[in-house]
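> Build me a model:
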Amino acid sequence: MAGDAGAAVLETRDDAPKVPEKKKTKFDVIIIGAGPSGYTAGIYCSRAGYDTLILSGILPGGQLVNTTEVENYPGFENGIMGPDLMIDMRKQSQRMGTTIIDDVAADVDFRRRPLKVLTASEEYEGRAVIIATGANPRKLGLEGEEKFAGRGVSYCATCDGPFFRDQEIIVVGGGDSAIEEATFLTKFATNVHLVHRREELRASKIMQKRAQDNEKIVFHWNSIVTEIKGDQKMRQVVLKNLKTDVETTHNAGGLFVAIGHTPNTQMFHGQIDLDGDGYITLEERTRTNVEGVFAAGDVHDKRYRQAVTAAAFGCMAAIDVDKYLTEKPQ
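Okay, the predicted model is just below:
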């Protein structure tokens, strides 16, 4: 006991040597990304007793941090602001014991065990990895686009369509997603103006016919959006005809950009299987082609891209990880 007491005294002396605390770098599970899928995976993995790390990135929360009111996430009768939902998910994951570090994963090494995830300053090791890096909507690149994001400009008709009842709506794009969104929005809009830079759509024939038969959809061929105008909210959109160079101004309450998404998978090229569009391909449920590596959310989901489905995939990935680690003891 004397030795223990002496050590205690030494630690309280001003001239006691300061030993830096060693940073923890080894975990059971590493989750890359902190949107609904990443946080949900963290909740489930930590609750199952696994030492879990989330590398959230510099701006944690995924696409929902750029969203205003979320009305379609279950459990919130009066809706909830996107950033608030992500803050609550983060706190819940931390309460379960998840370590969350706001750092960006820069590279990975899935060729050997343990699996490695590298940031600019650290190398982390994990027995399993869940990729939840999401996907970003492609943007028009206009000056007013960022200003009016969430204030008229949207990238998800299913999420935001009901906010634009009885208003004129602009949809930009010519593929299946654009036609799906335009058709969906006719449930709410007075008219939907579909803006496409070419003379014909890229969408499938059946989707094209569905749009052309819908009297609420107005086509603007060979046209692009050149300007977005408004005050606190978007009020007008300027269209330019690429053949005539004539510009026209249209009053509109909403602008939906449907020109595709880019999955955040650049660092995984050559490490796991990706499809032609860069999305992670899954072997079974949430499992990738690399043992111990799983994926959840928009990083592999091209179709639904909803907060609730991303969270569901996070749950599924965590359960799959639990099964994997249980059957593969250390």
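> Just list the residues touching Phe184, thanks.
157-158, 161 (Cβ atoms under 8 Å, 6 or more residues apart in numbering). C-beta here means a position set from N, CA and C on the backbone, and glycine is covered the same way.
> can you give me the helices in this protein?
Counting by DSSP state H, residue ranges of the helices within the chain are 2-12, 36-47, 82-95, 143-147, 157-160, 176-185, 205-212, 307-327.
> Export those helices as CSV, with columns for mean pLDDT and distance to Thr119.
As requested, the helices of the chain are arranged in CSV below (pLDDT from 0 to 100; distance: least, Cβ to Cβ, whole Å):
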stretch, mean pLDDT, distance to Thr119
helix 2-12, 40, 31
helix 36-47, 98, 15
helix 82-95, 95, 19
helix 143-147, 91, 27
helix 157-160, 90, 31
helix 176-185, 94, 33
helix 205-212, 93, 42
helix 307-327, 97, 21
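> which of those sits most buried?
The densest packing among the helices of the chain, expressed as mean neighbour count by mean count of other Cβ atoms under 10 Å, is seen in helix 36-47 with a mean of 29.
> Any stretches of this protein with poor pLDDT?
In the prediction, the chain carries residues with pLDDT under 70 at positions 1-22, 58-59, 66.
> try it again with 90
In the predicted model, the chain carries pLDDT under 90 at residues 1-24, 57-71, 82, 143, 150, 158-159, 177, 202, 303-305, 328-330.
> Adding distance to Ile206, write the contacts of Phe184 out as CSV.
Written out in CSV, the entries for the contacts of Phe184 read as follows (distance: Cβ to Cβ, whole Å):
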residue, distance to Ile206
Ala157, 19
Thr158, 20
Gly161, 22
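> list the contacts for Gln232?
With contact taken as Cβ under 8 Å, 6+ apart, Gln232 is in contact with Arg151.
> Roughly how far does it sit from Ala157?
To Ala157, Gln232 is 22 Å away according to Cβ to Cβ, to the nearest Å.
> Leu282 too?
Using Cβ to Cβ, one obtains 26 Å as the distance from Leu282 to Ala157.
> one step back: now the helices of the chain in JSON lines, with distance to Tyr73?
Below are those laid out as JSON lines (distance: least, Cβ to Cβ, whole Å):
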{"stretch": "helix 2-12", "distance to Tyr73": "48"}
{"stretch": "helix 36-47", "distance to Tyr73": "8"}
{"stretch": "helix 82-95", "distance to Tyr73": "6"}
{"stretch": "helix 143-147", "distance to Tyr73": "24"}
{"stretch": "helix 157-160", "distance to Tyr73": "10"}
{"stretch": "helix 176-185", "distance to Tyr73": "18"}
{"stretch": "helix 205-212", "distance to Tyr73": "28"}
{"stretch": "helix 307-327", "distance to Tyr73": "5"}
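> So which of these is nearest Ala252?
Ranking the helices of the chain by their distance to Ala252 (criterion: Cβ to Cβ) puts helix 176-185 first, at 11.5 Å.
> roughly how far is the closest one from the heart of the chain?
Remark: helix 176-185 is offset 20 Å from the chain centroid, using Cα atoms, centre = their mean, to the nearest Å.
> Also compute the angle for it relative to helix 205-212, please.
Using axes from the mean of the first three to the mean of the last three Cα atoms, to 10 degrees, the direction of helix 176-185 lies 40 degrees away from that of helix 205-212.
> May I have helix 176-185 as PDB, with CA atoms only?
Coordinates of the C-alpha atoms in helix 176-185 are reproduced here as PDB (Å, rounded to 0.1, in the frame of the first residue of the first chain):
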ATOM      1  CA  ASP A 176     -35.700   8.100 -64.600                       C
ATOM      2  CA  SER A 177     -35.100   9.900 -61.300                       C
ATOM      3  CA  ALA A 178     -36.200  13.300 -62.700                       C
ATOM      4  CA  ILE A 179     -39.300  11.800 -64.300                       C
ATOM      5  CA  GLU A 180     -40.200   9.900 -61.100                       C
ATOM      6  CA  GLU A 181     -39.800  13.100 -59.100                       C
ATOM      7  CA  ALA A 182     -41.800  15.200 -61.600                       C
ATOM      8  CA  THR A 183     -44.600  12.700 -61.600                       C
ATOM      9  CA  PHE A 184     -44.600  12.500 -57.800                       C
ATOM     10  CA  LEU A 185     -44.700  16.300 -57.500                       C
END
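> Count residues in the vicinity of Asn111, would you?
Just so we're on the same page, residue 111 is Arg rather than Asn. The burial metric for Arg111, expressed as a neighbour count using other Cβ atoms under 10 Å, is 10.
> hmm, I was thinking of Ser56
Applying other Cβ under 10 Å, we find 27 other residues in the vicinity of Ser56.
> Leaving out sequence neighbours, find the closest residue to it.
The spatially closest residue to Ser56, leaving aside those adjacent along the chain, is Ala34, at 3.5 Å (Cβ to Cβ, 6 or more residues apart in numbering).
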